[in-house]
Structure formats: C-alpha cells, structure tokens
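Next comes the sequence, and after it the predicted model I'd like to discuss.
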Amino acid sequence: MKKTLQHFIAAPDSAGIEALLRTAATYKQHPWVDGNLGRQRTLGLLFLNPSLRTRLSTQIAARHLGLDTIVFNVDKEGWALEFRDEVIMDGTTVEHIRDAAPVLGQYFDLLAVRTFPGLQDRESDYAETVLRAFMDHCGVPVISLESATLHPLQSLADTLTIREHFSASAKPKVVLAWGPHIKPLPQCVANSFAQWMCHWGQVELTIAHPEGYELAPEYTRGATITHDLQGAVRDADFIYVKNWSAWKDYGKIRCTDSGWMLQPEHLKENPSAKIMHCLPVRRNLEISSALLDSPRSLVQAQAGNRVWAAQAVIAGLLKNMQG
Amino acid sequence: MKKTLQHFIAAPDSAGIEALLRTAATYKQHPWVDGNLGRQRTLGLLFLNPSLRTRLSTQIAARHLGLDTIVFNVDKEGWALEFRDEVIMDGTTVEHIRDAAPVLGQYFDLLAVRTFPGLQDRESDYAETVLRAFMDHCGVPVISLESATLHPLQSLADTLTIREHFSASAKPKVVLAWGPHIKPLPQCVANSFAQWMCHWGQVELTIAHPEGYELAPEYTRGATITHDLQGAVRDADFIYVKNWSAWKDYGKIRCTDSGWMLQPEHLKENPSAKIMHCLPVRRNLEISSALLDSPRSLVQAQAGNRVWAAQAVIAGLLKNMQG
Amino acid sequence: MKKTLQHFIAAPDSAGIEALLRTAATYKQHPWVDGNLGRQRTLGLLFLNPSLRTRLSTQIAARHLGLDTIVFNVDKEGWALEFRDEVIMDGTTVEHIRDAAPVLGQYFDLLAVRTFPGLQDRESDYAETVLRAFMDHCGVPVISLESATLHPLQSLADTLTIREHFSASAKPKVVLAWGPHIKPLPQCVANSFAQWMCHWGQVELTIAHPEGYELAPEYTRGATITHDLQGAVRDADFIYVKNWSAWKDYGKIRCTDSGWMLQPEHLKENPSAKIMHCLPVRRNLEISSALLDSPRSLVQAQAGNRVWAAQAVIAGLLKNMQG
C-alpha cells in the first residue's frame, strides 16, 4: 500500500536538511551501500529543457541505488504538452498533461522533471504550473530537476559543499552575488540557494545585487540585502556568484555593469573566501577565469556533490515508498 | 542454432491472440516472473518517428524480462536511410537499408522499429516498404512499434483492456468511431484495431465514420460499417474513438464536422459504455474532456496495458529463439 | 590509487596492435568472459557529432564487460562548448571545456568522445583541439570514438577483419582506394587505416588516389602511393574504398571523376580480392552495389568486428585502472 505521496521540489526544514546532508555524506563515502534499495524500480527523467550535470548526476546516483533510469527528452523526442484546462486542442499542443502524466505514473515508480520558466508570465511561472500539473496528475513521487522557481538538488549539493568547507566554529558568512549575463536567466538557482541557506540556519546569508534585482521575498526572509558587492565580499567565507533576471520587472535585464563580475581585485583583502557557481558559467562575463581556476574555487566540488545530493533524495523517497 | 525467423508486425489468428492475452495477464500479475528470459540479450529500439508510450512501455517490459534495451532515434541521432534499390546515392540519403539493417542485426538480438507512413503514396505505404526492408535485411526478429499501416502492440493492449472489462456473457458490441482532427493522421491504429477485433472473434465490431473514410477492406472484413455515429454508439459496450485520414482519397482530410466529436450527449441513453482512445488525444477536438475525465474512460487502462502487451510479445519471440 | 592515465586515441605499436587483436578475437568467441570487469563503473559516451555503428557497438561491448554506459548527445541535449582559453564568453558558447570536462571526469570512470573536424582550419583540426581539451581537463581515460584526424576503433576492427581473412602465408597486399563523394569528408578513416596498417607491419599498403588527395605524410610512412587505381587493385588481396577531402587544399573536393568508383570491371583479373568500407557508404557513388552485395564484401564483417574492437580497448583501459 502506498504511503502519503512525498515529493522533492523545495527545501525541507532545518532538521530535514541536516538529515539529507548526513545521508549524502554517507553515500559519498560508500556509494554502493544501498545498492539494492531501488531494485526492480524505475525512475523516469523527463526533460522539457536541456541538462548536463543534473541529468548525468541523477542517473549515476540512481545506479548506485540499483534503480533503473529512463531519460525522455519531451521537447525533442516527444511532442508539445498542453497544460491549460478545458481548451479545444486544435493548435500546436498534441497531448494534455492530464492524459500524459498518469501514463508516466503507471510506467515509473518515481518521476523527475525539469522545466524552465517562460519568463513572460510571472504569475504562471511562480505558480509552478508545469511541475504542479505533473504532481497533480502522475500519482507517484516527483523530483524537481529544476523548475520555474527553484532548483533544490543543486541547492542541496551547494549546502553539502559549504558544510564540507566549514573551517571556523562561528557561523560562516555566505554571500549570494549577482553577476552579469547577456541573456535573461531564471531566478531559480538564486531563489533556491537563498531558501536552503535560510531554512538551514547554519550560516549568515547576504545577497548582493544591483537595484531592481530583488528576489521574491518569500525566499530571502532572514537574509541581508545589499547593493554593495565590494562591501559584501570583504569578510565573506563563501561567495556564490550567479546571474538572474529581474523578478519585479519580470524576466528583464536591468544591469549590464561589468563591475558586478567578480574578480581577484574584489578579494585583495580576503585571501580565504571560497568561490561557488552552479555551472554552466560564462567565464570572464559572470566571473573571471582567474578565480575559477584558482584554489578558491569550489565549482568542481559542487558539481561532484550533485551525485550525493541526488542519491540522498532518491533514497529518501524510495525508503518512504517501502515504509 | 536459430529457428525460423518470427516477427511481430500484425495480428495473429484467434488462438495466437488468446495466447498473448493469457501471457500478458500473467505478467500483469507477476511482472518479474521471467526476469532472466532476456539475460545477455539486447533489444534495439529504432525510431524513425517520435514516440512516448510505445518507447517507454517497451523499455519497461524488456526490463521485466532482464533484456537490455538501446534506443536509437534514427531521425535525430543518425542520418537519412535509403530504401530504393539500385539508385545512385548522390542525394540526401547517407546509408542504404541493405547496409544498415544487417549491422543492426549483428548488434541486437531483437529489433523493434517505428516508422510512420508518408501519406503521399498509398501503394508504397501499404507495401510497408520501410518495415519490410528491415525484416528482409536485418536477420533477427522484428517487432513493429507502429508501422505505415498497423500498430499491433497498441491493439494487443486494447484487446487486453476490453477483455478485462467484459461484464456480460454475450458478445460485447465494440464501436470504432472516427473523430475529427486538424491534421491528416495515418490509418494504422484504426486498421490494426479492426484487424485484431475481427481476428479475435470475441466481439461484434461496428465502424462508424463519415463518408469517404472507408478503411482498406482487408482489415475490416466481418465488421459492420455505418455513417451514423449516434445510432452506432446507442447500444455499444466499448467505443474506441480515433481519427484517421482518408484511405481512398489517400491521406486527405474529408470531414471536419465537429458533430463527430464524441460527447456526453451521444451517450445519454447508454450509461455504461466504456470509452477508449490510444492517446495522444486532442481534447475537445476528437473527444470531449468530460468523457475522458469520467469513470467511463479506459484510456489510462489501455496505456498501462501497453507494458504487458509488449512483455508478452517480447517473451514470445525470446522463447522462440531459445526453443 | 590511479595509475598513469592511459587514453586510446591512435594506433599503438605493432606489439600493442597484436595484443589488442588477440583480446578482440577472444571476446568474439567468448563475449561474456570478462562480464564483471566493469562492475560498478560507468562509461560516458559524448557525441558532438552523429553516430550509429560506433555508438551502438561501444554500448554493446561495454555491456559484455558489465560496464554501464550513458550516452550524451552534446550537440542536441546539451549546449555549445567553448574551447578557446581566456575569451570573454559573451557569444554563443555556454560552457567552457575547462569547467565541463572535469565534471564529466567526476561522473564517469571512462570518457568516450566523438568529434568531427571543421575542415576549415587544418592546423586546429590536426592539433586535435577538441579531443585534447577533454584529455587535458577530464582526469579519466579518454577513448576516441572518431576525432578530427583519426578513427582508431574503426581501424582496429578493420585490422581484425583483415587478419581473419588472411589466406596466404606471404604479406597480403592491402589497397586503400579513394572513392568519389558529393560532400567533403574528413581524412580520419583514411589517416587512421594507413596508420594502423603501417604500425602493424603485417601487410603491404598501397594508397591509390587522384592527384591532390595526398594524406598527411605522418600517417602514410611506409606505404606506396599511386594515382593508378586499376594498376593498384590488380593484385590486391584487400581493397579498402573510402572517400576523403583534400589535405593539402584543405577540406576541398578536387576530383569528381566517377572512374574512381570501384566496380566489377576493375576486378576482372582479380577474382579473390576482398572489398572493405567502414560504412555508411553511398552506393553507386563511392563503390558499386554489385561489389557491396557480392561475396567479396567484408563490410558487414568489419561492422560486426566493431564490437570486439571496442571491447578489447575498454577492457584494456579497465585493467590498467585496476592494476
């Protein structure tokens, strides 16, 4: 008999985060310790948008658990899905989510979905229309592989990386620093990182961004907001660089000032701060090569931790299904 | 030593259908009972056209049998194949089926192929030029994942679904009802469903369609043909809605009358009829949402049964190879 | 502890070739004899260009070794990679190889890469910029699935095929014969075949091509070069037909003379010569159908041997990693 459905689409509370971190750390030491947990089960990975790290790390993680995976690139191998109710489907969409999702729920034991925001209609994006439709209609646990507003598997890996690099006993200072980009990007990595840092409660979070780049307040409660990059990074322990487009003036680029690109000059007085980025990163646009190639950089550690983050989350859902 | 080659590309006779139904029903109860049947064998899944249910259900089915699968999207990951003999290949095709098919036959133990009709040249489509070329040249058993004229894995799942929902002792009345669409679709689901119902012999089949939508007579022998949708569905036990383009005026759309869209109004006097569709369905164009979302609908049962249909077929071919 | 990194991107020396041939021949007889060698390891297959035989044969080979594979079509599922150092990434490339490659090296135990030459800039192509970047930055053994200048897995399969068809005791005469094509193709199959034949030292290699089609001398040292196709094939034991574009006048088509298409007329006085081609082949353009469909043809044997070639190479790298 199925227990209450449990999804993974956002940060849990502080205790939940700690539990995931402990499990992830265990798997990092002993990848195959639960090698039969997913036996005779299959995880469907649905991509409505491209992916490299997320797809591969989730497949590797699933394999450590003996869980089979099937990747389906909906955009390329399938057809356009309809998410609006009660429309006459005489346009470009070929199948309604109400019909497609329950089929997938019959084929898969777990369903992981990646869907980007359109960045046109904030209300629809922030209602997580697409992800919610899968959750409402598929009937199995859903894992977000990045949704319109959040990217929890990334944030769990980021949190694990920070915990691994704690050196002092006091609360470390973490700065989420906006960086320039030529394209309007989603807010989801920034939203999600802020949410995880705030829920976790083990760090002091400062968010540095140009005017007009305020994130949705629901994710930044507890964080310090500043428009002074130099001031913010001066005594930072971790600096997470990331571009995002405006949330207020939704999906727009409001600043192209290259002064926001993090460079060694910003860190002359701070020799120990670690640099983070979720990748892919545009070198010498968001952040300088010199920093990415320096020993300060944790970007490869973050990417590597994606495997253990995914494995901890999948294992948790599998155990919940058995329990 | 290899036994006589056996393919799965159309309906077998009544006894063959019954045997497949029994096997499928067994696998539905005990998915892993033959978990070693496909050990150290690989099924190649070749897609010349997109697929969701067919691809995923076949992969899941193969896995239940311990059979490895490799998906190859010929159209996207490969290159254009040539099917005409003795041409000078100085155009857009890069490889001849006479060279490609035997290679695939060396790599795979079983080959499953999806290929849609061009809907331009009826003679070529109905000769199954593409599927036949694979069968002629690959040297291993071929499974149709939908071909130019038929879709036997779908029809086996449909037949299983009907058998599961028999309630009366008498022969149930099954109506294949044409529904409107904005695009010219193949006849293959309709051809195939009619073929399976007629071969099976356990139901009375009526086909309701507008004038000009006659199917190829070879598939409808034994069925009643009518142009009166309302009359046909009045006492139906199962109503299978599906669009197809004209076979006579080949590949053309001859009717756009929305009166052919099945709605609750059609079924006021028939509270128990079950509704079927192979999916993907365009809601409120082919059939109303109200019916698809009602307890009458068997569309999810059909989609779920795709797994057991595929598993029964693959198991049969594997056993034949061993025997 | 990791031993010195070992890649497979070109022909080894004569002893190395013989060792691979012996291993490949063993696997051909006993595919599953090392079925646990790749246990709990994963091979990443990265395609920057399309593939059929190479992808499928490598996946099948890996499976024989118990090695999991994940295919990633970088061009279609991912995004454009940047290979130039120190650029400001404000253009179309989304991720730098310096960031992407080490991530892949964390996820995979072995990395196989296919990348075609641009055929615009000979210096860059012949420096193997892309393949070298993966090797420099990923940190795990790299297998070439065909690179800008070479195709070693193909050549190993070709060498195995020739060895299997030795009939006389003397050194057989092998002719690499240029054939016409409508598109400018890479030189890599020709370079690579010449390199393997010359390193192997068990055959006499003649290369027949029109003027202007000289290959890079580093690959043809020891071979006889001629512009006389008829003369070259008269006493040949094996004739390997392949088109390539010019190396001197880089990437250009210099000859379209259909007299270079190998036909039965060329072989009236040579009834026993075997015909080879790596596939895909354009029939009746590069070589006549009559030859491809005759018992002289080894093209299917070559394609089949791709599996054993790949298996021997992967097994060698795995053993080196364990040792």
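The structure has been received and is ready for your questions.

List the contacts of A:A223.
Shown in contact with A:A223 (CB atoms under 8 Å, 6 or more residues apart in numbering or on different chains): A:L176, A:A194, A:M197, A:C198, A:L205, A:T206, A:I207. Using the backbone N, CA and C atoms, a C-beta is placed for each residue, glycine as well.

Out of those, which is nearest to A:K242?
A:L176 (6.8 Å; CB to CB).

The helix or strand the closest one falls within: which residues count as buried?
Assigned by DSSP states H and E, A:L176 belongs to strand A:173-178. Neighbour counts using 16 or more other CB atoms under 10 Å in any protein chain shown place A:K173, A:V174, A:V175, A:L176, A:A177, A:W178 of strand A:173-178 among the buried residues.

Stretch A:25-33 too?
Buried, per 16+ other CB under 10 Å, within stretch A:25-33: A:A25, A:T26, A:Y27, A:K28, A:P31.

ditto for stretch A:268-278
Quick answer for stretch A:268-278 (16+ other CB under 10 Å): A:A273, A:K274, A:I275, A:M276, A:H277, A:C278.

Can you name every helix or strand that the lengthiest helix in chain A contacts?
Counting by DSSP state H, the longest helix found in chain A is helix A:299-322. Applying 3 or more CB pairs under 8 Å, 6 or more residues apart in numbering or on different chains; DSSP states H and E, we find helix A:299-322 packed against helix A:14-29, helix A:53-64, strand A:110-114, strand A:142-144, helix A:152-164, strand A:274-276, helix C:97-107.

Helices along the stretch 151-300 of chain A, start to end?
Shown for the stretch 151-300 of chain A, the helices assigned by DSSP state H, counting those that start in this stretch span residues A:152-164, A:188-200, A:217-220, A:229-233, A:289-292, A:299-322.

Redo those helices as CSV? Include mean pLDDT.
Below are these laid out as CSV (pLDDT from 0 to 100):
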stretch, mean pLDDT
helix A:152-164, 98
helix A:188-200, 98
helix A:217-220, 97
helix A:229-233, 98
helix A:289-292, 98
helix A:299-322, 97
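
any chance of these in JSON lines, with mean neighbour count too?
Formatted as JSON lines, the helices of the stretch 151-300 of chain A follow (neighbours: other CB atoms under 10 Å in any protein chain shown):
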{"stretch": "helix A:152-164", "mean neighbour count": "24"}
{"stretch": "helix A:188-200", "mean neighbour count": "24"}
{"stretch": "helix A:217-220", "mean neighbour count": "17"}
{"stretch": "helix A:229-233", "mean neighbour count": "18"}
{"stretch": "helix A:289-292", "mean neighbour count": "20"}
{"stretch": "helix A:299-322", "mean neighbour count": "22"}
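
Against B:N243, how distant is whichever residue of chain A sits closest to chain B?
Residue nearest to chain B within chain A (CB to the nearest CB): A:E95, separated by 3.5 Å. In this view, A:E95 and B:N243 are 14 Å apart by CB to CB, to the nearest Å.

what number of residues lie near A:L37?
By other CB atoms under 10 Å in any protein chain shown, the residues close to A:L37 number 17.

Tell me which residues touch it, please.
A:L65, A:G66, A:L67, A:A315, A:L318, A:K319.

doesn't A:V74 make contact with the residue of chain A closest to chain B?
No - counting by CB atoms under 8 Å, A:E95 does not reach A:V74; the two are 9.9 Å apart.

Name the residues contacting each of the two.
Going by CB under 8 Å, 6+ apart, residues that sit against A:E95 and also against A:V74 are A:L81.

Of these two, which one has the most company?
A:E95 (23 against 20).

So which bits of chain A are right by chain C?
Contacts of chain A with chain C, taken as CB under 8 Å from any CB of the partner chain, map to A:31-32, A:47, A:50-53, A:55-57, A:59-60, A:63, A:73, A:76, A:182, A:279-285, A:289, A:292-293, A:299-300, A:303-304, A:307.

how much space between the closest residue to A:K248 other than its chain neighbours and A:I253?
Excluding its sequence neighbours, the residue lying closest to A:K248 (CB to CB, 6 or more residues apart in numbering or on different chains) is A:E214, at 6.1 Å. Using CB to CB, A:E214 is found at 15 Å from A:I253.

How many residues are close by the closest residue to A:N73 other than its chain neighbours?
Residue nearest to A:N73 in three dimensions, not counting chain neighbours: A:F47, with 4.9 Å by CB to CB, 6+ apart. Applying other CB under 10 Å, we find 23 residues neighbouring A:F47.

swap in A:A19?
14.

In JSON lines: the buried residues of strand A:173-178, plus distance to B:E18 and pLDDT.
Formatted as JSON lines, these follow (distance: CB to CB, whole Å; pLDDT from 0 to 100):
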{"residue": "A:K173", "distance to B:E18": "72", "pLDDT": "97"}
{"residue": "A:V174", "distance to B:E18": "66", "pLDDT": "98"}
{"residue": "A:V175", "distance to B:E18": "70", "pLDDT": "98"}
{"residue": "A:L176", "distance to B:E18": "64", "pLDDT": "98"}
{"residue": "A:A177", "distance to B:E18": "68", "pLDDT": "98"}
{"residue": "A:W178", "distance to B:E18": "67", "pLDDT": "98"}
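
Closest one of the residues you listed to C:S144?
Nearest to C:S144 among these, with distances taken as CB to CB, is A:A177, at 40.0 Å.

quick one: contacts of the strand holding A:L176?
Contacts of strand A:173-178 (CB under 8 Å, 6+ apart): A:162, A:190, A:193-194, A:197, A:203-210, A:213, A:223, A:229, A:232-233, A:235-244, A:255, A:260, A:262.

What residues does the stretch 101-250 of chain A have near chain B?
Residues of the stretch 101-250 of chain A lying near chain B (CB under 8 Å from any CB): A:P102, A:V103, A:L104, A:Q106, A:Y107.

switch the cut-off to 7 Å
A:P102, A:V103, A:Q106, A:Y107 (CB under 7 Å from any CB of the partner chain).

Out of those, which is nearest to A:R84?
A:P102 (17.6 Å).

Would you confirm that A:D75 contacts A:L48?
Yes - under the criterion of CB atoms under 7 Å, A:D75 makes contact with A:L48 at 5.6 Å.

helices and strands of chain A: which one bottoms out on pLDDT?
helix A:74-77 (a mean of 81; mean pLDDT, DSSP states H and E).

re the thing from before, for the contacts of A:A223, which two are the farthest from each other?
Longest span within those, CB to CB: A:C198 and A:T206, 11.7 Å.

Any stretches of chain A with poor pLDDT?
A:1-5, A:168-169, A:323 (pLDDT under 70).

80 - rerun?
A:1-5, A:75-76, A:167-169, A:323 (pLDDT under 80).

Check what contacts stretch A:143-152 and list those residues.
A:8-11, A:45, A:51, A:54, A:58, A:110, A:112-117, A:125-126, A:128, A:130-131, A:153, A:187-189, A:191-192, A:195, A:313 (CB atoms under 7 Å, 6 or more residues apart in numbering or on different chains).

chain center to that stretch, what's the gap?
Computed by CA atoms, centre = their mean, to the nearest Å, the separation of stretch A:143-152 from the middle of its chain amounts to 5 Å.

In PDB, list the C-alpha atoms belonging to it.
Extracted C-alpha coordinates of stretch A:143-152, given in PDB (Å, rounded to 0.1, in the frame of the first residue of the first chain):
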ATOM      1  CA  ILE A 143      11.600  15.100  -8.000                       C
ATOM      2  CA  SER A 144      12.300  18.600  -9.300                       C
ATOM      3  CA  LEU A 145      15.400  18.600 -11.600                       C
ATOM      4  CA  GLU A 146      14.900  22.400 -11.600                       C
ATOM      5  CA  SER A 147      11.600  24.100 -12.000                       C
ATOM      6  CA  ALA A 148      10.400  27.500 -12.900                       C
ATOM      7  CA  THR A 149      11.300  29.000  -9.500                       C
ATOM      8  CA  LEU A 150      13.600  26.500  -7.600                       C
ATOM      9  CA  HIS A 151      16.500  24.100  -8.100                       C
ATOM     10  CA  PRO A 152      16.600  22.000  -4.900                       C
END
